[in-house]
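# Requesting a structural model of the entry that follows:
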Amino acid sequence: MFIGDILFKFDSMEKAKQVFSEAEIRLLKEGLKRTYKERFQMITRLYKIQQTLNKASILHKPFISK
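Reported below is the predicted structural model:
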């Protein structure tokens, strides 16, 4: 590898981190605009989904050809 390649990769990684952090900040600002009731309802939905998935089991019936 050449030093130019390394510097290019480092620069592109820094840009990606910057864009990602801007997206994170935007999502945090949107989240703070929500009321406590909306937040509670969202968390309740996620909790119910988590409980359902924890109780779920995958059953496999082997294929029997006649």
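# Let's see the pLDDT reported for the residue most central in space within the chain.
Centroid check for the chain by CA atoms, centre = their mean gives Glu24 as the closest residue, at 11.2 Å. The model reports Glu24 with a pLDDT of 85.
# what residue ranges in this structure score low on pLDDT?
Counting by pLDDT under 70, the chain shows low-confidence ranges at 1-14, 16-17, 66.
# could you redo the last one with a cut-off of 90?
Flagging of the chain using pLDDT under 90 yields the residue ranges 1-34, 39, 57-66.
# how about the helices of it, start to end?
For the chain, the helices defined by DSSP state H occupy 3-32, 36-55.
# For my notes, please list these in a markdown table and give distance to Pro62 for each entry.
Heads up, the C-betas are built off the backbone N, CA and C, glycines and all. Listed next are the helices of the chain as a markdown table, based on distance: least, CB to CB, whole Å:
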| stretch | distance to Pro62 |
| --- | --- |
| helix 3-32 | 45 |
| helix 36-55 | 24 |
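# Any idea which of those gets closest to Ser65?
Relative to Ser65, the nearest member of the helices of the chain by CB to CB is helix 36-55, separated by 32.8 Å.
# burial measure for Tyr36, as a count.
When neighbours are defined as other CB atoms under 10 Å, Tyr36 has 7 of them.
# just Leu53 next, same as before
The burial count for Leu53: 8, using other CB under 10 Å.
# Tell me how far it lies from Leu46.
When distance is defined by CB to CB, to the nearest Å, Leu53 is 11 Å away from Leu46.
# same deal with Lys33?
Per CB to CB, Lys33 is found 19 Å from Leu46.
# who's more crowded, these two?
Higher neighbour count among Lys33 and Leu46: Leu46, with 10 against 7, using other CB under 10 Å.
# separation between the more buried one and Ala56?
The gap separating Leu46 from Ala56 is 16 Å, by CB to CB.
# swap in Tyr36?
Tyr36 sits 30 Å away from Ala56 when distances are taken as CB to CB.
# And for Glu22?
Taking CB to CB as the measure, Glu22 falls 37 Å from Ala56.
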